[in-house]
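[1] Show me the folded form of this:
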Amino acid sequence: MSNKSWWEPSDGEDTVSEKFLRKTRESPLVPIGLGGFLVVAAYGIYRLKARGSTKMSIHLIHTRVAAQACAVGAIMLGAVYTMYRDFSKRMAQDSGEK
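    Numbering: from 1, shown residues only. Below you'll find the model as predicted:
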């Protein structure tokens with residue numbers, strides 16, 4: 001007797017997958033940065049046993065910094081791409097008006 005349709009979006013709302021795909025089209029480098037973050041974090045966990053004489057805290061700090069660098073780098077590349085795209089549109093509009 002439970003209502004299993006409570007999680008479905010309304011008629012005007014997007015589903016989670018539709019929203020994710022729309023956001024990916026708007027900024028394609030963010031999922032790439034998230035993927036890089038996950039790859040570096042997984043590699044850091046994998047290398048945990050073979051860290052040698054390195055302290056655990058130092059290993060975790062290096063892994064965290066590398067993972068954050070992937071995410072921040074992708075965000076920065078996405079921002080530069082967006083600025084370039086907007087600049088190109090503006091220049092095309094300006095040259096069309098003259």
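[2] which residues touch the most centrally placed residue in the chain?
    Among the residues of the chain, the one closest to the centroid is residue 30, at 2.6 Å (C-alpha atoms, centre = their mean). Listed by C-beta atoms under 8 Å, 6 or more residues apart in numbering, the contact partners of residue 30 are 23, 24, 74, 75, 78. In short, each C-beta sits where N, CA and C put it, glycine included.
[3] Those residues in strands, which ones?
    Assigned to strands by DSSP state E, none of these qualify.
[4] most surrounded residue in those?
    Using other C-beta atoms under 10 Å as the neighbour criterion, residue 74 leads those with 21 neighbours.
[5] from memory it sits against residue 33, does it?
    Yes: shown here, residue 74 and residue 33 form a contact pair, counting by C-beta atoms under 8 Å, at 2.4 Å.
[6] Residue 49: what secondary structure?
    When classified by DSSP: H, G, I helix; E, B strand; the rest coil, residue 49 comes out as coil.
[7] tell me the phi and psi of it?
    phi -70, psi -30 (degrees, to the nearest 10).
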